[in-house]
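>>> Here is my input, please return the structure:
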Amino acid sequence: MGMLTFRFPKALCGWLVGVAILLTPGLARAQVGSRLDQIVQKGVLRVGTTGDYKPFTFLNPASHEYEGLDIDAAKLLADSLGVNLVLVQTTWPTLLKGLQENQYDLAMGGITRTLARQKVASLTHPYLRAGKSPLIRVADQGRFRTLADIDRPGVKIGVNPGGTNQRFLDANIKKATVVVIEKNLSIPEKVAAGEVDVMITDNVEAMLAAKLDPRLYAVDPDNTYTKDDLGYLLPRDDHAWLDYVNLWVDLAEMKGDFARLRQKWLR
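Numbers count the residues shown, from 1 in each chain. Predicted coordinates for the structure are as follows:
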């Protein structure tokens, strides 16, 4: 008796191969599990943070401890998971790289939600509205009232590399000189000392710097150059982990946790 052979049509074969390719990564992810499961199993939540952006994240040189609104928020998130919190130092230029290389489970610390970041990572629901605003010297209030006043030859603008402040300047400053300064926390002091004339940053940081140093002035922080919001940065395509953090953000807002943190750190 001869062997019975059945031949699939070529088009059907191609379709089956395509389905197999599409399903394989999903099956692999299902076997590995979400980062959410891994965090709970290991009992550790790793949070990447720059430590250089008051009032959200600041590595205090005196205590060698992190502090700020988002540091407190990270503790609340870890508590909600029933795990220990580990803070991992990162920088603005390496923020995404560290996330993609699994150095931390999410990044927190005054991170602006942008489409560019959304292309390669996931961003949570917002927890704070903000916008770009100038920080100048009190003596220069009559000199710098608008962005056009700032974007003039001879004006020096200090900026930290790798973040949305630098991208704003790249897109909007054509005549002034942009001075890249590695340490974000040192820029307000350089403005006060006259080493640079302006710092353009989120209005929250500008207002805090002016509050802490009487030589500084936040220009019209209620009418910002941009309308932005802040969120937390997670790995892309891990929907279970993103859904958990999004719900935690929503519940923290409803319960008043974020209101208390804003009252503590922004007033």
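
>>> the strands in the stretch 101-250 of the chain, which residues?
For the stretch 101-250 of the chain, applying DSSP state E, counting those that start in this stretch gives strands covering 106-112, 122-123, 128-130, 132-137, 156-159, 177-180, 198-202, 216-218, 228-234.

>>> any low-confidence regions in the stretch 1-150 of the chain?
When the per-residue scores of the stretch 1-150 of the chain are filtered using pLDDT under 70, the ranges that remain are 1-32.

>>> what about 50?
Segments of the stretch 1-150 of the chain classed as low confidence (criterion: pLDDT under 50) are 1-6, 8, 10-31.

>>> So which residues of it form helices?
For the stretch 1-150 of the chain, applying DSSP state H, counting those that start in this stretch gives helices covering 10-32, 35-42, 69-81, 95-100, 115-120, 147-150.

>>> Which strands or helices does the shortest one pack on?
If you count contacts as 3 or more Cβ pairs under 8 Å, 6 or more residues apart in numbering; DSSP states H and E, helix 147-150 packs onto no helix or strand. (Glycine included, C-beta is placed from N, CA and C.)

>>> and it, C-alpha only, in PDB?
These are the backbone C-alpha positions of helix 147-150, laid out as PDB (Å, rounded to 0.1, in the frame of the first residue of the first chain):
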ATOM      1  CA  LEU A 147      11.600  83.900  24.500                       C
ATOM      2  CA  ALA A 148      12.500  86.400  21.800                       C
ATOM      3  CA  ASP A 149      14.300  88.500  24.400                       C
ATOM      4  CA  ILE A 150      16.300  85.400  25.400                       C
END
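
>>> what comes up buried for that helix?
Applying a neighbour-count criterion of 16 or more other Cβ atoms under 10 Å, one finds 147, 149, 150 buried in helix 147-150.

>>> Could you do the fifth one as well?
By neighbour count with 16+ other Cβ under 10 Å, helix 115-120 contains the buried residues residue 117.

>>> gap between it and the chain center?
Using Cα atoms, centre = their mean, to the nearest Å, the mean C-alpha position of helix 115-120 is found 11 Å from that of the whole chain.

>>> And for the fourth one?
Average the C-alpha atoms of helix 95-100, do the same for its chain, and the two points are 11 Å apart (Cα atoms, centre = their mean).

>>> ok, residues contacting that helix?
With contacts defined as Cβ atoms under 8 Å, 6 or more residues apart in numbering, helix 95-100 is touched by 48, 50, 88, 90, 104, 106-107, 111, 117, 120-121, 162, 233-235.

>>> Outline the domain layout of the protein.
Following automatic domain parsing, one finds the domains of the chain at 35-129+228-266, 132-218.

>>> Could you list everything residue 86 pairs with in the sheet?
In this entry, residue 86 is beta-bridged to residue 46, by DSSP bridges.

>>> Quick check: the gap between it and residue 93.
Using Cβ to Cβ, to the nearest Å, one gets 22 Å for the distance from residue 86 to residue 93.

>>> before we move on, back to that, just the buried residues of the contacts of helix 95-100.
With neighbours counted by 16+ other Cβ under 10 Å, the contacts of helix 95-100 contain buried members at 48, 50, 90, 104, 106-107, 111, 117, 121, 162, 233-235.

>>> returning to what we had before: between the buried residues of helix 147-150, which is closest to residue 247?
Proximity of the buried residues of helix 147-150 to residue 247, judged by Cβ to Cβ, is greatest for residue 147, which lies at 38.5 Å.

>>> check contacts around that closest one.
Listed by Cβ under 8 Å, 6+ apart, the contact set of residue 147 reads 134, 172, 225.

>>> where does it sit relative to residue 168, distance-wise?
In this structure, residue 147 and residue 168 are 10 Å apart, going by Cβ to Cβ.

>>> Identify the contacts common to the two.
Common contacts of residue 147 and residue 168, defined by Cβ under 8 Å, 6+ apart, comprise residue 225.
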